[in-house]
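A.B. asks: I would like the atomic coordinates for the input below:
(one chain, ligands or ions: 1)
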Amino acid sequence: MKITGRTRLAGIIGWPVSHSRSPVLHGFWLDETGVDGAYLPLPVKPDHIEQALRALPVLGFRGCNLTVPHKQAALAIVDRIDPLARRIGAINTIMVAPDGSLQGTNTDIFGFSENLRELAPQWKPTSGPAVVLGAGGAARAVVAALSDAGTAEIRIVNRTLARAEALAGDLLTPQTRITIHSWDEASAVLRDAGLLVNTTSLGMVGEPPLVLDLSPLPLSAPVVDVVYVPIETDLLAAARQRGHPAVDGLGMLLHQGRPGFEAWFGAPVRVTDGLRRTILATLVPRR
Ligand code: ATR
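C.D. replies: Numbering: from 1, shown residues only. From the prediction side, this is the model:
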């Protein structure tokens, strides 16, 4: 990478930020496209997030990504938010407009949809009810994506029912019915489902296993895991063995970076096997 007087700037703001793979992701695309740009890790304490975001246009930044713990707080600071991100209650990408105003969006929705489209092209929103395990931040993006795509029924399974109820209240639309279920019902709600998505941390290295009997799930239903450490979770291995299309979570992480890169640096990018291998090599399991 060479820095010039015209280098376009973007970065990721978090606290801490050193764990983030986004600098490697965007660095890969900068090398690949040859764009005169730089993407920096920007550690910013929660108390300083407003100052930091307001400084972006002043310093000539094209925008930034946001990670923990800024995704919700930034919502109240930016000048415009796209409607889906507002319903989710979190933004992960900011574009600086030519007039210096800040536009916030949530590209996890795009990341989830593109990953599913790429790895399970046969899936359609009309394939049947979708079962979503979990009701955290990732679940919100997944439910918004499925509802936006036209899924008529989404069944949320979560340990804390109040959290699932809050999610359903925020993301309810006239065209999508959202029902809430405890883990006791998880296997039963798979019957006649067209898609299963795990958004919980269960099955991740260092977390408890995800225990679920997949046998009621129709074999045509893709199984998606947003967990990507390990890349092949027990859930995905079990799904593959039964004959389901299995979709790992790495692609969601990679695709969610595309809208920001394309807006800040002005070049289209793709998720290739080379990129997947590069990011996988950075994913050292933690124990
Ligand atoms: P993210 O932003 O990645 O979605 P999160 O907001 O912390 O992370 O959400 C984690 C999800 O995993 C939640 O649905 C959580 O369930 P609760 O809402 O009941 O906390 C789920 N989860 C984490 N550990 C769990 C466990 N041991 N058993 C069941 N669910 C668990």
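
A.B. asks: so what's the residue sitting nearest the centre point of the chain up against?
C.D. replies: Centroid check for the chain by C-alpha atoms, centre = their mean gives residue 108 as the closest residue, at 3.2 Å. Going by C-beta atoms under 8 Å, 6 or more residues apart in numbering, residue 108 touches 88, 92, 138, 141, 252, 256. For glycine as for every other residue, the C-beta is placed from the backbone atoms N, C-alpha and C.

A.B. asks: Now name the helix or strand holding residue 163.
C.D. replies: Secondary-structure element containing residue 163, defined by DSSP states H and E: helix 161-171.

A.B. asks: anything in stretch 126-134 near the ligand?
C.D. replies: Yes. Counting by C-beta under 6 Å from any ligand atom, the ligand is contacted by stretch 126-134 at residue 134.

A.B. asks: Skipping adjacent residues, who's closest to residue 176 in space?
C.D. replies: Excluding the flanking residues, the one nearest residue 176 by C-beta to C-beta, 6 or more residues apart in numbering is residue 147, at 4.2 Å.

A.B. asks: Report how many residues lie close to that neighbour.
C.D. replies: If you count neighbours by other C-beta atoms under 10 Å, residue 147 ends up with 23.

A.B. asks: what do you get for residue 78?
C.D. replies: Residue 78 has 18 neighbouring residues, counting by other C-beta under 10 Å.

A.B. asks: What is the neighbour count of the residue of the stretch 1-150 of the chain found nearest the ligand?
C.D. replies: Closest to the ligand within the stretch 1-150 of the chain is residue 136: 2.1 Å, counting by C-beta to the nearest ligand atom. When neighbours are defined as other C-beta under 10 Å, residue 136 has 14 of them.

A.B. asks: Ok, residue 189 next?
C.D. replies: With other C-beta under 10 Å as criterion, residue 189 counts 18.

A.B. asks: In three-state terms, label it for me.
C.D. replies: What DSSP: H, G, I helix; E, B strand; the rest coil gives for residue 189 is helix.

A.B. asks: Now for it: which residues touch it?
C.D. replies: Taking C-beta under 8 Å, 6+ apart as the definition, contacts of residue 189 comprise 129, 131, 155, 157, 179, 181.

A.B. asks: Can you give me every residue that contacts the fourth one?
C.D. replies: Think residue 157. 131-134, 164, 181-183, 185-186, 189.

A.B. asks: So which bits of stretch 201-218 are buried?
C.D. replies: Of all the residues in stretch 201-218, those buried under the rule 16 or more other C-beta atoms under 10 Å are 201-204, 210, 212, 214, 217.

A.B. asks: quick revisit: which residue is the nearest non-sequential neighbour of the residue of the stretch 1-150 of the chain closest to the ligand?
C.D. replies: residue 199 (6.6 Å).

A.B. asks: Likewise for residue 109?
C.D. replies: residue 145 (4.5 Å).

A.B. asks: For the protein, which segments count as helices?
C.D. replies: Remark: helices assigned in the chain by DSSP state H are 22-33, 49-58, 83-88, 108-119, 137-149, 161-171, 234-242, 250-255, 258-265, 273-280.
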